[in-house]
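In: let me see the structure of the following:
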Amino acid sequence: MRRVVILNPRSKNGASLKAFNKLKPDLHKLLGPFEVYQTKAPRDATEQVRSILKQGSFDQILIAGGDGSINEAVNGYFHEGKLLRADVPLGVINLGTGGDFYKTLLRDSSNYQEALSQNRLRMVDCGLTTLEKGLDPQYFINITSIGLGGDVNRQMKASSFQSGMPAYFYHSLTSLLKYSPPNCKFIMKDKEGKTTEIETGLVNFFVCNAEFNGGGMRWAPESDIEDGVFDLVLVSNVPKHKLITESHKIYSGKIREMTGVQEFHASEVIALPERTVSQEIDGETRDMDHLRTHEFHFKIVPRSLPLVL
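Out: A predicted model of the protein is given here:
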């Protein structure tokens, strides 16, 4: 079995390299020999994964880092809209601050360490998000959101306080106090092609392939990464104090009990906010500074990624 680990040494605020080195003896016991590639810059993991898959030199790719690193690796599996290899699965060694997608892996796998050791492969869904006219296509494996969530993520990344649930809650609160919800039109198409349209105020709109976001928030407790549809959560027209007092329901998976929350299922979505809003993709903020757009597209890509599970 030829394995390679792609390590983001800057994940977990720079502590991931030290954490990985502590894990190394146990990883060798579990996996046997493996090579290690370290990323040097943002999006480097994407290019490394793409190069590995084109060369065909490994049977398993392991990404060591957090949700952002996983997202980079996922994007490396695709080139010009096509999957490069379906027989080389992606595995995860969690070293990040939130570990949100890793929580879904533990939820859905009978024994994730055993799956890594045996290189068990399952084809799972990915999402594809673009801006108007197909601009800036990006794949995602976990959750993407527009609205307040992007503002929260942007503020958190600029802060020294970034660790897990407490950081996300703090930055959510301070961002919420400054946020003014724009009006937004949503066009949602289900697997059968039926279209639903809704127009409302946008606080947050979550497009969920998996369950967790923001260091343990359970936006989609019934999500299934193999069902070919998104779980959509729309937070709209709700008093700010309600979002604060009811936030505990998100962590306990009781979002249906929250004021101003609506749930939908769809395979394709278009969101048309009346002004430019922030977007968060798998824990990273999309660079919108040079993209003045009021249009977001989301599309499920069923059974498109080989994943260790």
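
In: remind me which residues of the chain are low pLDDT?
Out: Where the chain drops to pLDDT under 70, the residues are 11-13, 96-97, 162-165, 289-292.

In: quick one: contacts for Leu84?
Out: Taking Cβ atoms under 8 Å, 6 or more residues apart in numbering as the contact definition, Leu84 lies against 50, 53-54, 77-78. In this view, the C-beta of every residue, glycine as well, is placed from N, C-alpha and C.

In: list only buried entries from those.
Out: Buried members of these, scored by 16 or more other Cβ atoms under 10 Å, are 50, 53, 77-78.

In: before we move on, back to that, now for the contacts of Leu84, which pair is the farthest apart?
Out: Lys54 and Phe78 (12.1 Å; Cβ to Cβ).

In: I'd like the buried ones among the contacts of Leu84 laid out as CSV, including secondary structure and distance to Ile141.
Out: As requested, the buried ones among the contacts of Leu84 are exported to CSV (DSSP: H, G, I helix; E, B strand; the rest coil; distance: Cβ to Cβ, whole Å):
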residue, secondary structure, distance to Ile141
Arg50, helix, 16
Leu53, helix, 16
Tyr77, coil, 10
Phe78, strand, 12
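
In: between the residues you listed, which is nearest Leu305?
Out: Of all the buried ones among the contacts of Leu84, Leu305 sits closest to Tyr77, with 6.0 Å by Cβ to Cβ.

In: just checking, that closest one touches Leu305?
Out: Yes. Judged on Cβ atoms under 8 Å, Tyr77 makes contact with Leu305 at a distance of 6.0 Å.

In: and for the two, which residues touch both?
Out: Taking Cβ under 8 Å, 6+ apart as the criterion, Tyr77 and Leu305 both touch 83, 90.

In: what about the helices in the stretch 151-300 of the chain?
Out: For the stretch 151-300 of the chain, the helices defined by DSSP state H, counting those that start in this stretch occupy 164-178, 240-245, 248-251.

In: so for Glu192, which of the ones you listed sits nearest?
Out: Nearest to Glu192 among those is helix 248-251 (30.0 Å), distances taken as Cβ to Cβ.

In: and the closest one, which residues are buried?
Out: Those buried within helix 248-251 under the rule 16+ other Cβ under 10 Å are 249-251.

In: can you list those in JSON lines and add distance to Asp224?
Out: Formatted as JSON lines, the buried residues of helix 248-251 follow (distance: Cβ to Cβ, whole Å):
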{"residue": "Lys249", "distance to Asp224": "21"}
{"residue": "Ile250", "distance to Asp224": "19"}
{"residue": "Tyr251", "distance to Asp224": "21"}
